[in-house]
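**Student:** Here's a sequence, model it:
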Amino acid sequence: AVATEIQAGSYVLMDTAYGQLGLPFGQALTVLATVISVNRSGRWVVLDCGLKALGMDHGNPSVPGGEVWACSDEHLVWSPVGVDPLPAVGDRVHVIPGHCDPTVAYHEWL
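**Tutor:** All right, here's what the predicted structure looks like:
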């Protein structure tokens, strides 16, 4: 009657690998990141989540409405496409992890 561990798996949460297959499901797991820097002339944004928050063994995460340029340990650089105005410092952005299983293991709660 008590569960001490639940492994929901990729089927329930989905990740970018499944998202590219054209399945009739959407990604259910995102990491909510905060915009910490905006370069308006270059049209890129830095978010406060990186390798320490995202499972990257299946490749880069994705951010709806743009292209992920790079991930470092604690930051993600994202170029919004067709987003006007650009997000402001302090705005929140949903990041879809490249691999949901290790991403879940990095966090204490969902």
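
**Student:** next helix or strand past the biggest strand by length in the chain?
**Tutor:** The residue-count maximum for a strand in the chain (DSSP state E) belongs to strand 31-39. The helix or strand immediately downstream of strand 31-39 is strand 44-47, counting by DSSP states H and E.

**Student:** tell me which strands and helices the helix or strand that that next one is followed by is in contact with?
**Tutor:** Sequence-wise, the next helix or strand downstream of strand 44-47 (DSSP H and E) is strand 66-71. Judged by 3 or more CB pairs under 8 Å, 6 or more residues apart in numbering; DSSP states H and E, the packing partners of strand 66-71 are strand 76-80. For glycine as for every other residue, the C-beta is placed from the backbone atoms N, C-alpha and C.

**Student:** Between strand 31-39 and the strand it packs on, find me the angle.
**Tutor:** Note on geometry: by axes from the mean of the first three to the mean of the last three CA atoms, to 10 degrees, strand 76-80 and strand 31-39 are set 70 degrees apart in direction.

**Student:** Show me which positions of the longest strand of the chain end up buried.
**Tutor:** 31, 33, 35, 38 (16 or more other CB atoms under 10 Å).

**Student:** Which of the three states applies to the residue nearest the centre of the chain?
**Tutor:** Ranked by distance to the mean C-alpha position of the chain (CA atoms, centre = their mean), the top residue is V95 at 2.2 Å. In terms of secondary structure, V95 is strand; the call rests on DSSP: H, G, I helix; E, B strand; the rest coil.

**Student:** Kindly check the end-to-end length of stretch 48-68 for me.
**Tutor:** 13 Å (CA to CA, to the nearest Å).

**Student:** roughly how far out does it sit from the chain middle?
**Tutor:** 5 Å (CA atoms, centre = their mean, to the nearest Å).

**Student:** so how far is A3 from the residue nearest to the centre of the chain?
**Tutor:** 28 Å (CB to CB, to the nearest Å).
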